[in-house]
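**Student:** Everything below, folded, please.
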Amino acid sequence: MEVAEENAPVKYGIRLCGSEKVVEQILENDCENVVQTRLRYNPKTKEHFIDAIIKVPKTSEDKEGEIVVGGTDPGNTPFCTFYCGSTGEYFDESVLSRNGGRDLLFTKKDERKKTKEERVAELEAQLEKMSWTEHNEIQIERNRANLRTRKQWCQARRMLKKRLEKARVSLRNYRKKFHYMLAKKAYEKNDVLVHNKLDSKRLYVESKGTYDGFGRRARKNASILAQAEFAEVLKWVARRTPGKKYITGAGEKGTSKTCCCCYMYNPKLEVSDKMYRCKNEDCEKVYPRDPGGAKNNTVECAQYKKELEEAAEIERQLAERAAAEAAERERAVSARAERASRRERESVISARAERARKRAQETEGRRRSLRQRIR
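**Tutor:** This is a model prediction of the structure:
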């Protein structure tokens, strides 16, 4: 939908950016569901954007019948492995079609064309070249004439920046499509998903310092895939889908290096080792590491939740015991105070009785002495 003056170019008009479903939700009942708007400006493309926040009904996490609990194992290749705890099935991004997998980002549609990330890298490299002043000085030293003026040079750089921004937007859009398709596929097979956020920064820093693990190309591909954004997409899809729930795992470190059968830890595994061979003589299981890591994440989260519940139950029992002991102490203190007050009252009453008895004896003595004088 576009709103512009008659016979005006499209670039000067106003258009709604988003899917048809979002547009219908915004325009429903004369935009009465819109609760907040925000105006943004992109100085690189010189375009204005209006973000609209609409009111939608809250989805329920409850589901009737059997609930399938699954786990994930984030990585680089594959991007993320999903494990269904009820069925034992596991899958990764390879279940998506060619147009929906990571081929959108890293595969060429034509041999003469470049991939999305190669195009962005090429434009960034062109922008990092020398400035007009440096270029002019080099041309003067070599006794060459400048084929372009300063104005033409600056105009070409502005056009290059616009092309770079469009390439980045295209890369983000393809990555967003990949994340949403994979998240929807994950929630089709699972009702509750246990996801551990991958600490990519720690892994990259460690691999740079030790030259072990991720290489330069792997680190670049991981930054393009954006694990943190995928975690937010999983949360958003769970919030807007009825009967689905997202749980943050207890921790991802070392799960793929732990046997999912006997839980023996093998810290000497490399990133290139895709199969886990258990060294325990009683186990000796051999299986793919990524599905095993996803299973360990699911079991570890369940165990962690159980331990939290047990700790909460112990804390509740200790609190009840402490409250009972405090109440018993209060009752003992109140009983002692009551006995002390009773003894004090009894002593006061006995003292009064003693004084009354003495006064009565004195009165009786005075009466006797008076009778004797009268006689």
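**Student:** Which phi and psi values does residue 275 adopt?
**Tutor:** phi -110, psi 140 (degrees, to the nearest 10).
**Student:** what's near enough to touch it?
**Tutor:** By CB atoms under 8 Å, 6 or more residues apart in numbering, the residues touching residue 275 are 286, 287, 288, 289. (C-beta placed from N, C-alpha, C; glycine too.)
**Student:** Mind doing that once more with 7 Å?
**Tutor:** Residue 275 is in contact with 286, 288, 289, counting by CB atoms under 7 Å, 6 or more residues apart in numbering.
**Student:** Take those and lay them out in a markdown table including secondary structure.
**Tutor:** As requested, these are exported to a markdown table (DSSP: H, G, I helix; E, B strand; the rest coil):
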| residue | secondary structure |
| --- | --- |
| 286 | strand |
| 288 | strand |
| 289 | helix |
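**Student:** Turn the buried ones among the residues you listed into a named PyMOL selection, would you?
**Tutor:** Per 16 or more other CB atoms under 10 Å, the buried members of the contacts of residue 275 correspond to this PyMOL selection:
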select buried, resi 289
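**Student:** got the contacts of residue 275 as TSV, with distance to residue 320 and pLDDT columns?
**Tutor:** Converted to TSV, those look like this (distance: CB to CB, whole Å; pLDDT from 0 to 100):
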residue	distance to residue 320	pLDDT
286	50	84
288	48	82
289	45	82
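**Student:** Can you pull out the low-pLDDT segments for the stretch 201-350 of the chain?
**Tutor:** Applying pLDDT under 70 to the stretch 201-350 of the chain flags residues 203, 207-214, 250-254, 301-306.
**Student:** thought residue 297 was touching residue 260?
**Tutor:** No. Residue 297 is not in contact with residue 260 according to CB atoms under 7 Å; the separation is 10.0 Å.
**Student:** Who has more neighbours out of the two?
**Tutor:** residue 297 (27 against 22; other CB atoms under 10 Å).
**Student:** Tell me how far the more buried one lies from residue 74.
**Tutor:** To residue 74, residue 297 is 9 Å away according to CB to CB, to the nearest Å.
**Student:** Ok, residue 307 next?
**Tutor:** Distance, residue 307 to residue 74, by CB to CB: 23 Å.
**Student:** Comparing the two, which residue is more hemmed in?
**Tutor:** Set side by side, residue 307 and residue 74 show more neighbours around residue 74, with 26 against 11, by other CB under 10 Å.
**Student:** Verify the contact between the more buried one and residue 194 for me.
**Tutor:** No. Counting by CB under 7 Å, residue 74 sits too far from residue 194 to count as a contact (11.7 Å).
**Student:** Would you reformat the contacts of residue 275 as TSV and include distance to residue 227?
**Tutor:** Listed next are the contacts of residue 275 as TSV, based on distance: CB to CB, whole Å:
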residue	distance to residue 227
286	28
288	20
289	17
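**Student:** Let me know the closest of the contacts of residue 275 to residue 319.
**Tutor:** residue 289 (43.2 Å; CB to CB).
**Student:** which residues touch that closest one?
**Tutor:** Contacts of residue 289 by CB under 7 Å, 6+ apart are 256, 273, 274, 275, 276.
**Student:** Mind doing that once more with 6 Å?
**Tutor:** With contact set as CB atoms under 6 Å, 6 or more residues apart in numbering, residue 289 has these partners: 256, 274, 276.
**Student:** Would you mind naming the residues that bridge with residue 52?
**Tutor:** The partner list for residue 52 in beta bridges (DSSP bridges) reads residue 37.
**Student:** For stretch 25-35, list every residue counted as buried.
**Tutor:** Quick answer for stretch 25-35 (16+ other CB under 10 Å): residue 25.
**Student:** burial measure for residue 290, as a count.
**Tutor:** Counted with other CB under 10 Å, residues neighbouring residue 290 total 23.
**Student:** Next: the one 5 residues further on.
**Tutor:** Residue 295 has 24 neighbours, counted by other CB under 10 Å.
**Student:** Thought residue 83 was touching it, still the case?
**Tutor:** Yes. With contact defined as CB atoms under 6 Å, residue 295 counts as touching residue 83 (5.0 Å).
**Student:** what about the helices in this structure?
**Tutor:** For the chain, the helices defined by DSSP state H cover 20-27, 103-106, 116-127, 132-141, 150-189, 200-210, 216-225, 227-240, 289-374.
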